[in-house]
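Asker: next one to model:
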Amino acid sequence: MYEDTDYDVLERNVKYIPWKGKKEERYTWHKTLLVRALTCSYHRILVGLESVPSDEAAKTLAGLAEMTSSQNKK
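Answerer: Numbering: from 1, shown residues only. The predicted structure is shown next:
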């Protein structure tokens, strides 16, 4: 599905939220993670309200998104 170079690009785009493992920092780290999840639209997956789509479903959704974006350009 992905080439090795694709993983390198994805790895560079990942934003890490540092946490030193201290118990008193966990609450702040957790809230930061949830807010970032809300802004990146994967909060519902993190809290268990939705499941992660399979590869086939993701490919179908990506194809539909490409079709609608190409229709909007016309």
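Asker: which sections of this structure are below the confidence cut-off?
Answerer: Along the chain, the parts satisfying pLDDT under 70 run over 1-14, 67-74.
Asker: tell me, what residue is most central in it?
Answerer: Most central in the chain under Cα atoms, centre = their mean is Y42, positioned 5.7 Å from the mean C-alpha point.
Asker: state the distance from that residue to P53.
Answerer: To P53, Y42 is 11 Å away according to Cβ to Cβ, to the nearest Å. Where you see a C-beta, it was placed from the backbone N, CA and C, and this is true even at glycine.
Asker: next: T32.
Answerer: Taking Cβ to Cβ, one finds T32 at 26 Å from P53.
Asker: which stretches of the protein form helices?
Answerer: Counting by DSSP state H, the chain has these helices, from start to end: 4-13, 23-39, 43-46, 55-73.
Asker: what helices or strands is the second one leaning on?
Answerer: Contact here means 3 or more Cβ pairs under 8 Å, 6 or more residues apart in numbering; DSSP states H and E; on that basis helix 23-39 packs against helix 43-46.
Asker: give me the contact list for the helix it packs on.
Answerer: Contact with helix 43-46 is made by 33-34, 37, 50-52, as judged by Cβ atoms under 8 Å, 6 or more residues apart in numbering.
Asker: make CSV out of those and add distance to T60 and neighbour count.
Answerer: Listed next are the contacts of helix 43-46 as CSV, based on distance: Cβ to Cβ, whole Å; neighbours: other Cβ atoms under 10 Å:
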residue, distance to T60, neighbour count
L33, 29, 14
L34, 28, 13
A37, 24, 15
E50, 16, 11
S51, 15, 9
V52, 14, 8
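Asker: so which of those residues comes closest to A58?
Answerer: Among those, V52 lies closest to A58 (Cβ to Cβ), at 8.7 Å.
Asker: please name the residues that touch that closest one.
Answerer: Counting by Cβ under 8 Å, 6+ apart, V52 touches I45.
Asker: please apply the same query to W29.
Answerer: Per Cβ under 8 Å, 6+ apart, neighbours of W29: 17, 19.
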